[in-house]
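A.B. asks: structure for this input, please:
(2 chains)
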Amino acid sequence: MRALFSRLPWLSAAIAVSVLGVRLAAAAASIDAAIEPTQIMLGESARLTVTTSGSGTLSVTLPVVAGLEFRVVGQSREIQMINGTTLESTSTIVRVTPEAAGTFTIPAFGPKSGPLVLRVIPSGGSLPAPNGGAPADALPLLPGSGNTEGIRLTPDGSAYVRLEIPKHEVYVGESVPVAIQVGMRDGFVASINGLPKLNSSDFTLNNLSQQPERGGRVIDGKHFTVLTWHSLLAPVKPGSFSLSFEAPLTVKIRTRPQRDSMLDDLLGDPFMQNFFGATIPKNINVTSPEAAFAVLALPAEGKPPDFGGAVGNFKISADLSSAKNVAGDPLTLRMHVDGSGNFDRVESTMLAADSQWKTYDPKSTFKAADSLGFRGEKIFEQPLIAAQPGSHTVPPLSFSYFDPGARRYETAHTSPLHVTVSAGSAQTASSEPPPPSAAGSPADESHSGLRPDHTVTEARVSSLVPLYFRPGFLAIPSVLALSFGAAWVSLRRRERRANDAKGARERLRLLTIHTLRGQMAEASAAGNTTLFLESARSALQQALSAEWQMAPEQISLADVDARLGGDADHQEIRQIFALADEASYSGDNVKAADFERWTQVVERRTAQEKSS
Amino acid sequence: MIRIARFAAVIVALAALCFAAHAMQPAPTPPAPAPAQVAAQPPHQPHQPHQPHQPHQPHQPPGYSAAALYNLANAYARGAKPGLAILNYERARLLDPNDPDIEANLRHVREISGLPQETRNRFERVARTADPTQVSWLAVLGLSIAGLSILARHRHPGHGRKLGAAAVVGICLIAATVCNAVVLWPAMHEAVVTVRSAPVRVSPVTIEDAQFALTEGQIVTVRAQHDDFILVQTREGRTGWVPSTGLARIVAQASR
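C.D. replies: From the prediction side, this is the model:
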């Protein structure tokens, strides 16, 4: 193992040089370089960190500077997911060793990175402290403690959150641009898991940038990747408050004993550390040091009546869409408010109506000059119509705001505007809607896409409610439906009644047949021929009446001959009818054997009727 | 048969009488605007209440007209009042659903106001093409045809096929009216935001913070009303109470 460690710097250097020799598939077409420290004693070495990031391919070539020796000592590659965006960066660590004292300029590595300057002081001299103190980056920063720049590292020294605020005394409603920096030590932070969050209910955070700016810095000799978000901070009430920001991160926790930390640092490359199982991931929230604010209330004294809450520094100007116009045609009066401040509170009622002008409510648009919306221009547009032709003057417009720098209210005024309104065909506009051409004039550009008005000719209706939703109309289909329903019920009832009468008649007929057949059996047993034949004829008349749709008593021998000509029972039925007539008149007896045959004929016929 | 014919004649005469009475009815004066409608005045009025003549509506006769509502909406659109413009376009569309100018200007105003365009499925598009007044009377006609056909078919089974077809035609006319009513029913309970921003709260009081805000021209469904607050539901399904002064119903309740 010792042999391995002794060879490791050379191994890393060899790998790095081989990587530098080819074109790097970097994540961005940007390259950055930093040298730390910028002043060293002769005999010491400085650390040059070359960082490529973003998408694209870049090659890094070591510079050649007379008197300086460059040697690659390590390289790390990092891929981060921030808000779904993959950021890939490669850092190459180069040891810079001067061969002589003096000031050396290292040429720029890319178009965006400037040249680097290294001062080398002869041995025996002393390093001057900038601004009378020790350089911040050179000061050792203990984990968990803060320094004068507002950096407080996490206990493991892997990350920090820092807030950059231009001032600590603000007014209620004032927007203050702030920068939230999240520093992540290279190789020790796996990912940032969300946007920085404000830990205070006394302020609002507006327009937080979605994509951070990326940079780097060295703290205590350790390189940090710094992501910077910009936003606007606005206090909501007066008082003394403090706030902090926190960011969710996933860091790699060292699992090796602290005494081996030097060895971990020696490994340098996180890949090598992971290879040896030195770290595990852990989610943490990194919080910035608290920043104190004194929030002042806006003074009541000197407050203009038209003050709407705008706090900042603004200038206003005004113009008209046209200096000449036709009476009745609309003009557009524009007021431009530009500057910096809380533009969401910049409002204006513009010009009030008077005898000269008909006015409409103004509409505003905002053009931001920066990503935060802190600087920009708000434009108010108000349609005007001159009541009468002639030379008119649009009176000056005013806008009041509070200037936090001067600590007083200011009222800005525009110059009066002059317009000549001629009489024309647009006089008719006083009694009709403006024609589409007027609507599409430059004064009304946003509504040029409107189609022209219609001529009102059709009859008017009393209500917007469709006819079928009105109770008065619904009575008509209701009455109709009820009428049809009643008619249907009436028809069905009549039909049912008719069916009932027919059924009753049928039942009576079957009962009669049954009774007659009983009489036939009794007459047959008693040998009463006359009664038998009359009962048999009556039973046959009942059976045939349903078939022929005739009254039973109307069926005679002639009907039997006429309708049963081809029937198998024709002769027997005819004989029964004939004998019954004869027996009823003469009273002759019939042989007993005939009873059975004729009974069978009657049963067969009535059975047919039942089945049908 | 004579009795059926007499019954049919009475029904048709009754329907014709109702239609004639409706057609000859003079359009009454629209009801007084509800509080939510106060803002729905022509754009020049708030600025010049003492104007001797009103240029955009010189002598407006009583009642509603699609063309008059359309012209009023255009005036609001030119006066940078998209909420009131959309309100009057929607009203005009109720009366004249097939006017392409209304559709085009409504789409234009929505676009320049940054509001999403309406999306309708094929059923809604087809069902909305019919004039509600016409389909109302078609429903009466369909009901008459279907009823008479069914009655006659019962009495004369020999003509069952022809009378059955007539009954189907009548039922189709009724179905067309029902479809039109189903599509227009939501509009009876919709309102348009007429102010630049209408705060939406959890309860009908003003002491609490707003959950979210409605933008001018946005159309919401009215669920309930309590004093000066209206319970609304947005197309995204969010609900809350809005001051009634910031809304105007497409179909005012007083006119129903």
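A.B. asks: what about the nearest residue to residue A:339 once chain neighbours are set aside, distance to residue A:340?
C.D. replies: Closest residue to residue A:339 apart from its sequence neighbours, by Cβ to Cβ, 6 or more residues apart in numbering or on different chains: residue A:314 at 3.8 Å. Placement of C-beta: from N, CA and C, glycine included. Relative to residue A:340, residue A:314 is positioned 8 Å away (Cβ to Cβ, to the nearest Å).
A.B. asks: for the residue nearest to residue A:339, give me its contacts.
C.D. replies: A:337-341, A:346, A:399, A:401, A:412 (Cβ atoms under 8 Å, 6 or more residues apart in numbering or on different chains).
A.B. asks: among these, which one sits closest to residue A:223?
C.D. replies: residue A:340 (35.0 Å; Cβ to Cβ).
A.B. asks: partners of the closest one in the sheet?
C.D. replies: residue A:313, residue A:375 (DSSP bridges).
A.B. asks: next up, the contacts around it.
C.D. replies: So residue A:340 contacts A:312-314, A:374-375 (Cβ under 8 Å, 6+ apart).
A.B. asks: got phi/psi on the closest residue to chain B within the stretch 151-300 of chain A?
C.D. replies: Scanning the stretch 151-300 of chain A for proximity to chain B using Cβ to the nearest Cβ identifies residue A:236 as nearest, at 11.6 Å. For residue A:236, the backbone dihedrals (degrees, to the nearest 10) come out as phi -110, psi -10.
A.B. asks: what's the burial count for it?
C.D. replies: Neighbourhood size, residue A:236 [other Cβ atoms under 10 Å in any protein chain shown]: 14.
A.B. asks: do I have it right that it meets residue A:172?
C.D. replies: Yes. With contacts defined as Cβ atoms under 8 Å, residue A:236 counts as touching residue A:172 at a distance of 7.1 Å.
A.B. asks: surely residue A:69 meets residue A:104?
C.D. replies: No. Using Cβ under 8 Å as the test, residue A:69 is too far from residue A:104 to be in contact (11.0 Å).
A.B. asks: hmm, back to that, farthest-separated two in the contacts of residue A:340?
C.D. replies: Between any two of these (Cβ to Cβ), the greatest distance is 12.1 Å, for A:314 and A:374.
A.B. asks: shared neighbours, the two?
C.D. replies: By Cβ under 8 Å, 6+ apart, the residues touching both residue A:314 and residue A:374 are A:340-341.
A.B. asks: so residue A:215 touches residue A:33, yeah?
C.D. replies: No. Judged on Cβ under 8 Å, residue A:215 makes no contact with residue A:33 at a distance of 12.0 Å.
A.B. asks: okay, these two: which has more neighbours?
C.D. replies: Set side by side, residue A:215 and residue A:33 show more neighbours around residue A:33, with 23 against 16, by other Cβ under 10 Å.
A.B. asks: need the contact list for the spatially closest residue to residue A:551 that is not a sequence neighbour.
C.D. replies: Leaving out its chain neighbours, the residue that sits closest to residue A:551 by Cβ to Cβ, 6+ apart is residue A:545, at 6.3 Å. Listed by Cβ under 8 Å, 6+ apart, the contact partners of residue A:545 are A:509, A:551-552, A:555.
A.B. asks: most neighbours out of the residues you listed, which is it?
C.D. replies: Within the contacts of residue A:545, most neighbours by other Cβ under 10 Å means residue A:555, with 22 neighbours.
A.B. asks: test my guess that it contacts residue A:541.
C.D. replies: Yes. Residue A:555 lies in contact with residue A:541 (Cβ under 8 Å); the separation is 4.7 Å.
A.B. asks: residue of chain A nearest chain B, please.
C.D. replies: Closest residue of chain A to chain B, Cβ to the nearest Cβ: residue A:460 (2.9 Å).
A.B. asks: tell me how far that residue lies from residue B:133.
C.D. replies: 12 Å.
A.B. asks: give me the more crowded residue out of the two.
C.D. replies: Per other Cβ under 10 Å, whichever of residue A:460 and residue B:133 has more neighbours is residue A:460, with 19 against 16.
A.B. asks: residues near residue B:179, how many?
C.D. replies: A count of neighbours around residue B:179, defined by other Cβ under 10 Å, yields 17.
A.B. asks: hang on, I meant residue A:565
C.D. replies: Residue A:565: 8 neighbours (other Cβ under 10 Å).
A.B. asks: look at it and tell me its secondary structure.
C.D. replies: When classified by DSSP: H, G, I helix; E, B strand; the rest coil, residue A:565 comes out as coil.
A.B. asks: what pLDDT does it get?
C.D. replies: The model reports residue A:565 with a pLDDT of 77.
A.B. asks: who are the neighbours in contact with it?
C.D. replies: With the criterion set at Cβ under 8 Å, 6+ apart, residue A:565 makes contact with nothing.
A.B. asks: do residue A:291 as well
C.D. replies: By Cβ under 8 Å, 6+ apart, the residues touching residue A:291 are A:150, A:163, A:165, A:168, A:242-244.
A.B. asks: which of those residues ranks first by neighbour count?
C.D. replies: residue A:243 (21 neighbours).
A.B. asks: who's the closest spatial neighbour of that residue, skipping the chain neighbours?
C.D. replies: Nearest to residue A:243 is residue A:200, by Cβ to Cβ, 6+ apart, at 3.7 Å.
A.B. asks: then residue A:553?
C.D. replies: In space, residue A:553 is closest to residue A:541, 6.8 Å off (Cβ to Cβ, 6+ apart).
A.B. asks: also residue A:319?
C.D. replies: Using Cβ to Cβ, 6+ apart, the nearest residue to residue A:319 is residue A:334, at 5.4 Å.
A.B. asks: distance between whichever strand or helix holds that neighbour and the chain's centre?
C.D. replies: In this assignment (DSSP states H and E), residue A:334 forms part of strand A:330-341. Put simply, strand A:330-341 sits 32 Å off its chain's centre (Cα atoms, centre = their mean, to the nearest Å).
A.B. asks: what about that strand, average pLDDT?
C.D. replies: 89.
A.B. asks: can you give me the helices for the chain?
C.D. replies: Unless you meant another one, I'm taking chain A. Using DSSP state H, the helices found in chain A span residues A:2-21, A:261-267, A:270-275, A:436-439, A:471-526, A:529-548, A:557-563, A:570-586, A:592-611.
A.B. asks: you answered for a different chain; I wanted chain B.
C.D. replies: With DSSP H applied, chain B shows helices at B:2-24, B:66-78, B:82-95, B:100-112, B:122-128, B:132-155, B:160-184, listed in chain order.
A.B. asks: any idea which of those gets closest to residue A:528?
C.D. replies: Evaluated over the helices of chain B, closeness to residue A:528 peaks at helix B:132-155, with 51.6 Å, by Cβ to Cβ.
A.B. asks: ok so, going back, and the angle for the strand holding residue A:334 with helix B:66-78?
C.D. replies: Angle, strand A:330-341 to helix B:66-78, by axes from the mean of the first three to the mean of the last three Cα atoms, to 10 degrees: 40 degrees.
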